[in-house]
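Peer 1: Return atomic coordinates for the entry below.
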Amino acid sequence: MTDVDVSSISEKDLKNKVNDLRTQISHNERELKAIYRELKLHRTNTDDLKEKRDNLNSQVKSLMSKARDAKSKRDSINARIAALKSSRNEANEKTRMFSDNINELKTKRDDLNKLSKGSVETLSKAYAADLDLFLNADIPLKHEIDVFSRLLDLKERLGAAFDANDIHQKLMKTYDASKDVFESRDDFGNEIGKLAEESQKHHLEMIGLYNQVDELRKAADTAHLQISEKYSVTAPLREKIDPLKSKIALLRDELGIYLEKLNDIQVEKDDRKQEEHLVVAKEKLEKSGRLSLEDLKVLMEKGDLKF
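Peer 2: Alright, predicted model coming up:
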């Protein structure tokens, strides 16, 4: 409560002070209401911005979850591709070994075929015929020498033909053994190609989602910045509220003191007026006995008239 000495202040000055205080209180209350109205406007805009920001952040959270899922799928597929590539490399190494072995066998076989210059069947018939001629026919010595020379040549060629057949059999077995390796290498390549396409699909999906996230985050950050700007604008307004409330409270306290003093003055005036009325009523009662209702009321309240 404000300490104010009102004992020596006149009624006129008291009324002037009361009017001045009421004017100040009214002015401060209008200013306070204006601040509340402006804050309400800003709060409405701020609430809209908060809703927008929170909605954007919610979308970001949802898209990030989808992006992480796409990344997880891509990485899982890439791990499978890496394992398949490792297996394909092993198959390629086996294929290279088979190819080297096959080429080596083919070279040996072809060299032997060049040396034999005929099949085992054909050379065997020729050798048998010349051998029978050499052993059983009665031929001149020179002819016998030629036949023997042919037998030696045929024997060498026949040996080469047999060796060529043996190598050809090895070559066929090697071909058969290498089929699965060659096919598996192709299978690895096909599967790797399919998985690479699927991995790329998930990768592009992830990139697209991250791009959306970046855009939404920018929008959310912009909304948050606008909210911060709103708070910076309203902060000075909010700082005025408590001082204004305190000021109004002090003014009301001071006003109360003056009003109380005015009320005391009015009570004193009413008391004097009633005393004066009582004197007049007593005179009327003593002189004529004719009294008004107000006169009767005053006399009865003071106990000067009883029934």
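Peer 1: Strands of the stretch 151-300 of the chain, residue ranges please.
Peer 2: Assigned strands in the stretch 151-300 of the chain: none (criterion: DSSP state E, counting those that start in this stretch).
Peer 1: Run through it and note the low-pLDDT ranges.
Peer 2: For the stretch 151-300 of the chain, residues meeting the criterion pLDDT under 70 lie at 181-182, 184-185, 274, 276-292, 295-300.
Peer 1: What segments of it are helices?
Peer 2: Using DSSP state H, counting those that start in this stretch, the helices assigned to the stretch 151-300 of the chain run over residues 293-302.
Peer 1: In this structure Asn45 contacts Lys230, no?
Peer 2: Yes. Counting by C-beta atoms under 8 Å, Asn45 does reach Lys230; the two are 6.5 Å apart. (Glycine included, C-beta is placed from N, CA and C.)
Peer 1: quick one: which of these two has more around it?
Peer 2: Neighbour comparison, Asn45 and Lys230: the larger count goes to Lys230, with 16 against 13 (by other C-beta atoms under 10 Å).
Peer 1: where's that one relative to Glu38, distance?
Peer 2: Here Lys230 is placed at a distance of 11 Å from Glu38 (C-beta to C-beta, to the nearest Å).
Peer 1: again, but for Leu115
Peer 2: Remark: distance between Leu115 and Glu38 (C-beta to C-beta) = 111 Å.
Peer 1: now do Asn19
Peer 2: 29 Å.
Peer 1: repeat for Gln212
Peer 2: As defined by C-beta to C-beta, Gln212 lies at a distance of 37 Å from Glu38.
Peer 1: higher neighbour count, these two?
Peer 2: Residue environment comparison for Gln212 versus Glu38 gives the larger neighbour count to Gln212, 16 against 13, counting by other C-beta under 10 Å.
Peer 1: For the nearest residue to that one once chain neighbours are set aside, list the residues it contacts.
Peer 2: When the adjacent residues along the chain are set aside, Gln212 lies closest to Leu63, with 5.5 Å between them (C-beta to C-beta, 6 or more residues apart in numbering). The contact partners of Leu63, by C-beta atoms under 8 Å, 6 or more residues apart in numbering, come to Leu209, Gln212, Val213, Leu216.
Peer 1: Next: Ile35.
Peer 2: The neighbours of Ile35, taking C-beta under 8 Å, 6+ apart as the test, are Leu237, Lys240, Ile241, Leu244.
Peer 1: For Glu239, see how far away it is.
Peer 2: Ile35 sits 10 Å away from Glu239 when distances are taken as C-beta to C-beta.
Peer 1: and if you look at Asn55?
Peer 2: Note on Asn55: its distance to Glu239, by C-beta to C-beta, is 31 Å.
Peer 1: cool, Glu90 as well?
Peer 2: Counting by C-beta to C-beta, the gap from Glu90 to Glu239 is 76 Å.
Peer 1: quick one, which of those two is more surrounded?
Peer 2: The residue with more neighbours, out of Glu90 and Glu239 and counting by other C-beta under 10 Å, is Glu90; that gives 14 against 11.
Peer 1: any idea which helix or strand comes after whichever helix or strand the more buried one is part of?
Peer 2: Glu90 is part of helix 11-116 when elements are defined by DSSP states H and E. Next along the chain after helix 11-116, taking DSSP H and E as the criterion, comes helix 120-136.
Peer 1: residues making contact with that following helix?
Peer 2: Outside helix 120-136, the residues that touch it by C-beta under 8 Å, 6+ apart are 116, 118, 139, 144, 147-148, 150-151, 154-155, 157-158, 161-162, 165.
Peer 1: The same query, at a cut-off of 7 Å, please.
Peer 2: With C-beta atoms under 7 Å, 6 or more residues apart in numbering as the contact definition, helix 120-136 has outside contacts at 116, 139, 144, 147-148, 150-151, 154-155, 157-158, 161-162, 165.
Peer 1: Please apply the same query to stretch 169-188.
Peer 2: Residues external to stretch 169-188 that are found in contact with it (C-beta under 7 Å, 6+ apart): 84, 87-88, 91-92, 94-95, 98, 101-102, 105-106, 109.
Peer 1: For Ala67, which non-adjacent residue is spatially closest?
Peer 2: Using C-beta to C-beta, 6+ apart and skipping residues adjacent in sequence, the residue nearest Ala67 is Leu209, 3.8 Å away.
Peer 1: ok, the one you found touching Ala70?
Peer 2: Yes. With contact taken as C-beta atoms under 7 Å, Leu209 and Ala70 are classed as touching, separated by 6.4 Å.
Peer 1: Quick check: the gap between Ser86 and Leu293.
Peer 2: Distance, Ser86 to Leu293, by C-beta to C-beta: 121 Å.
Peer 1: actually Lys194, not the one I wrote
Peer 2: According to C-beta to C-beta, Lys194 stands 115 Å off from Leu293.
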